[in-house]
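Peer 1: Structure for the following, please:
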Amino acid sequence: MKALITFLSIFMMFVLAIPVNADGKDELKQYFSKAADKVKATENVNEKREILNESFNSMSEVLDEVLSSGVILESDRAGIEQYKAILQEKQNELEGSNGYERVQDAQLNAFADYVVQDMEQADSTVTISVIALILIILLVVLIL
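Peer 2: Okay, here's the model as predicted:
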């Protein structure tokens, strides 16, 4: 069963390589953009925090899965670890942990927009191969 899943995953990576190469990073941007839209549509500040926290946790889980898959190149590990560090920094800022001041309730909408913008900038500096990007997108789709 494990071999079948691995084979299908590899097959899907090659089948989807062309479309993902064109807009794979856009999918990751859209993930955080959708979370920001949910935050802005919600009035309850606790729900806003939960939405942001859940989006960080879900993406971190996806990145952990990709790292543990054994399919990615060693050169991708550094990029994925860098992306995880950026996510952790944003989560620390949201929670007010590890030396960060907690984002004020009134600033949660602005913080959600800031996260989207910062992730867009991270996409231009973090180097991840197409195969790793495909795995990330597939797992995001499957988990969420």
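
Peer 1: What ranges does the chain have for its helices?
Peer 2: 2-41, 45-69, 74-95, 108-125, 130-143 (DSSP state H).

Peer 1: Arg49: what's it in contact with?
Peer 2: Arg49 sits next to Leu94, Leu108 when contact means C-beta atoms under 8 Å, 6 or more residues apart in numbering. Any C-beta I mention is one placed from the backbone N, CA and C, and that applies to glycine too.

Peer 1: now swap in Lys48 and tell me
Peer 2: Val39, Thr42, Asp105, Leu108, Asn109, Ala112.

Peer 1: so how far is Tyr31 from Gly99?
Peer 2: As for Gly99, its distance to Tyr31 is 27 Å (criterion: C-beta to C-beta, to the nearest Å).

Peer 1: So if I had to pick from these two, which one is more boxed in?
Peer 2: The neighbour count for Gly99 versus Tyr31, taken as other C-beta atoms under 10 Å, is higher for Tyr31 (21 against 7).

Peer 1: Help me confirm that that one comes into contact with Val62.
Peer 2: No: taking contacts as C-beta atoms under 8 Å, Tyr31 lies outside contact range of Val62: 9.3 Å.

Peer 1: Spit out the contact partners of Leu108.
Peer 2: Val39, Val45, Lys48, Arg49, Leu52.

Peer 1: Next up, the contacts around the last one.
Peer 2: The neighbours of Leu52, taking C-beta under 8 Å, 6+ apart as the test, are Ala35, Val39, Leu94, Leu108, Phe111, Ala112, Val115.

Peer 1: Can you give me the neighbour number for Gln104?
Peer 2: Look at Gln104: counted by other C-beta under 10 Å, it has 11 neighbours.

Peer 1: mean confidence for stretch 44-59?
Peer 2: For stretch 44-59, the mean pLDDT works out to 93.

Peer 1: Quick one: neighbours of the residue lying closest to Asn57 once chain neighbours are set aside, just the number.
Peer 2: In space, and not counting its chain neighbours, Asn57 is closest to Gln91: 7.8 Å by C-beta to C-beta, 6 or more residues apart in numbering. Number of residues near Gln91 (other C-beta under 10 Å) recorded here: 20.
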